[in-house]
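>>> I would like to see how this sequence folds:
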Amino acid sequence: MRWTTETAATSGSARGNGRSGRPPREELTLDGWVADADALRAHLGVERVAVLGHSFGGCIGLEYALRFPSRVSHLLLVDTAPALDYWDEVAANIDRRRPPAAVRAAWESPPADDAGLADWLAAVAPLYVHPASDPALLAPLMSRTMFDHVAWARSVEVFNRDYDATDRLAEVRAPTLIVVGREDFICPPSRAAVMRERIPGAELAVFERSGHFPFAEEPDAFIGVVRDWLRRVA
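Predicted structure coming up:
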């Protein structure tokens, strides 16, 4: 697809994350993250954007598409969910995986600072990939991550407390591709199915040998699926 001044693709990190600023904790809100996304679009001088959101970013992307339907040309939701109201299922998924005691212990011991967050993610990485995958494949992603414990904890709080787009999914107007790894324990296929059923015309791609990061576990297949979908709906 050829991007023009009316339709563009870009990337960015949510306020409090990555190379973005570090505002007071109370300023990290769903309203703020969505407003920031639209401010980025305006700054780039484009009218419509293709939005791809992964995990927590998918929650922001979905909310953006609901609030600003005329500004979203395409919506790609990767291993995300319309609400975080299924923690019993997450616990059952962990039990099913039978992780080593050290991995389970790490999962049950949330980090307390930035260095602890980096160590925690490295410790629980086996949960986030397909059982047949080597967790080390996530190392390149983690090495480029700027960890911020406050933003991470705040996102968990906000999306557990303030976020539920389930009853509004039918309002999504952009062509939508939903992607999920078959073995994603935290944003499982059951959540992808809810979005597929309720978003008009949405398509679903399940990556059979992936967990939470299909773009890292099956990169060639992931890029192929996204490229083919964009060509078909352009």
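>>> what are the ranges of the strands in this structure?
7-9, 48-54, 72-78, 176-181, 203-207 (DSSP state E).
>>> mind checking which of those is nearest Asn93?
Evaluated over those, closeness to Asn93 peaks at strand 176-181, with 11.8 Å, by CB to CB. No exception for glycine: its C-beta is placed from N, CA and C like everyone else's.
>>> Just give the strands next to the closest one in its sheet, each with its orientation.
Applying DSSP bridges, strand 176-181 is found paired with strand 72-78 (parallel), strand 203-207 (parallel).
>>> Let's have those in TSV, adding distance to Pro100.
What follows is the strands paired with strand 176-181, written out as TSV (distance: least, CB to CB, whole Å):
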stretch	distance to Pro100
strand 72-78	27
strand 203-207	24
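>>> and Ala65, which of those is closest to it?
Closest to Ala65 of the strands paired with strand 176-181 is strand 72-78 (CB to CB; 4.6 Å).
>>> what's next to the closest one, contact-wise?
With CB atoms under 8 Å, 6 or more residues apart in numbering as the test, strand 72-78 has contacts from 7, 48-55, 58, 61-62, 64-65, 172-180, 192, 195, 214-215, 226, 230, 233.
>>> Next one: the residue of the chain positioned farthest from its centre from Val179, what distance?
Of all residues in the chain, Ala101 has its C-alpha farthest from the mean position, at 27.1 Å, by CA atoms, centre = their mean. Distance of Ala101 to Val179, computed by CB to CB, to the nearest Å: 32 Å.
>>> ok, Leu121 to Ala39 distance?
Leu121 is 29 Å from Ala39, by CB to CB.
>>> Same question for Arg71.
Distance, Arg71 to Ala39, by CB to CB: 12 Å.
>>> Please identify which of the two sits among more neighbours.
Arg71 (18 against 11; other CB atoms under 10 Å).
>>> Can you give me the neighbour number for the nearest residue to that one once chain neighbours are set aside?
The shortest distance from Arg71 to any residue other than its chain neighbours is 5.6 Å, reached at Arg48 (CB to CB, 6 or more residues apart in numbering). Neighbourhood size, Arg48 [other CB under 10 Å]: 19.
>>> same thing with the one 10 residues further on?
The burial metric for Gly58, expressed as a neighbour count using other CB under 10 Å, is 25.
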